[in-house]
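Enquirer: have a look at this fold, sequence not included:
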């Protein structure tokens, strides 16, 4: 992550998104990282950092109906409460908030725990600022952004042996939908990838939940990461 020249990274090629102002929260104990991301966000015409704190406790103390951001960038290794535990508390109070993990951790367990706690994205701290911005906008629109290395780590759980087990339970289209869920795509994005309508995706989701005896996408992801499906 390059913290130099944060005000000019996008320059004249900046991408415009419907004129929305997306509010950002940051939970990061490294002051240099926290302030660099905050300054970068505030330099963008469509982003505004409204709350940036060094711990989950401080962030939660100041989180109100008036201050709640659209998207939160959350570190995992924090002093005091971990970022993963903080996700659950934030989502209990403000379920509409999108939370993107921004961390150095690549191990499968932390990815799994973050997604099951309610994170909608997972980025490594080596992610360049423009890609962090793109991830924020994707999350704001309902997507689930992941660093390529993280997406690969997740999809590797669908190795050939597990795909054969899938074949006995799910159809090829249903498997494709599940892969989309694991990658963090929204129903709309999955529909666009498969060139079908969103109602078709909802129908597939209903069938997948029934076949796997689950009630939500977090359970589907959990089963896939544990190798249970």
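Expert: All right, it came through fine. Because the structure is predicted, anything quoted here is derived from the model rather than measured.
Enquirer: pLDDT at residue 91, what is it?
Expert: Here, the pLDDT recorded for residue 91 equals 92.
Enquirer: residue 191 too?
Expert: 93.
Enquirer: then residue 229?
Expert: 59.
Enquirer: what do you get for residue 202?
Expert: 90.
Enquirer: where does it fall, helix, sheet strand or coil?
Expert: helix (DSSP: H, G, I helix; E, B strand; the rest coil).
Enquirer: how far away is the residue nearest to residue 184 when sequence neighbours are not counted from residue 191?
Expert: Closest residue in space to residue 184, ignoring its immediate chain neighbours: residue 144 at 2.2 Å, by C-beta to C-beta, 6 or more residues apart in numbering. C-beta here means a position set from N, CA and C on the backbone, and glycine is covered the same way. Between residue 144 and residue 191 the computed distance is 15 Å (C-beta to C-beta, to the nearest Å).
Enquirer: and those two? Which one has more around it.
Expert: residue 144 (25 against 20; other C-beta atoms under 10 Å).
Enquirer: that one belongs to a helix?
Expert: No - the assignment for residue 144, made by three-state DSSP, is coil rather than a helix.
Enquirer: quick check on it: phi, psi?
Expert: phi -130, psi 80 (degrees, to the nearest 10).
Enquirer: check the gap between the residue nearest to residue 184 and residue 151 for me.
Expert: For residue 144 relative to residue 151 (C-beta to C-beta), the value is 10 Å.
Enquirer: ok, now residue 23?
Expert: Counting by C-beta to C-beta, the gap from residue 23 to residue 151 is 26 Å.
Enquirer: what does residue 196 give?
Expert: Taking C-beta to C-beta, one finds residue 196 at 22 Å from residue 151.
Enquirer: need the helix or strand of the protein with the lowest average pLDDT.
Expert: helix 160-167 (a mean of 49; mean pLDDT, DSSP states H and E).
Enquirer: quick check: mean pLDDT of whatever helix or strand comes next after it?
Expert: Counting by DSSP states H and E, the next helix or strand C-terminal to helix 160-167 is helix 172-182. Mean pLDDT, helix 172-182: 85.
Enquirer: next, residue 50: secondary structure please.
Expert: Under three-state DSSP, residue 50 comes out as strand.
Enquirer: contacting residues around it?
Expert: 23-25, 67, 69 (C-beta atoms under 8 Å, 6 or more residues apart in numbering).
Enquirer: what's the farthest-apart pair in the residues you listed?
Expert: 24 and 67 (11.7 Å; C-beta to C-beta).
Enquirer: looking at those two, which one has more neighbours?
Expert: residue 24 (26 against 12).
Enquirer: surely that one is within a strand?
Expert: Yes - the assignment for residue 24 is a strand, going by three-state DSSP.
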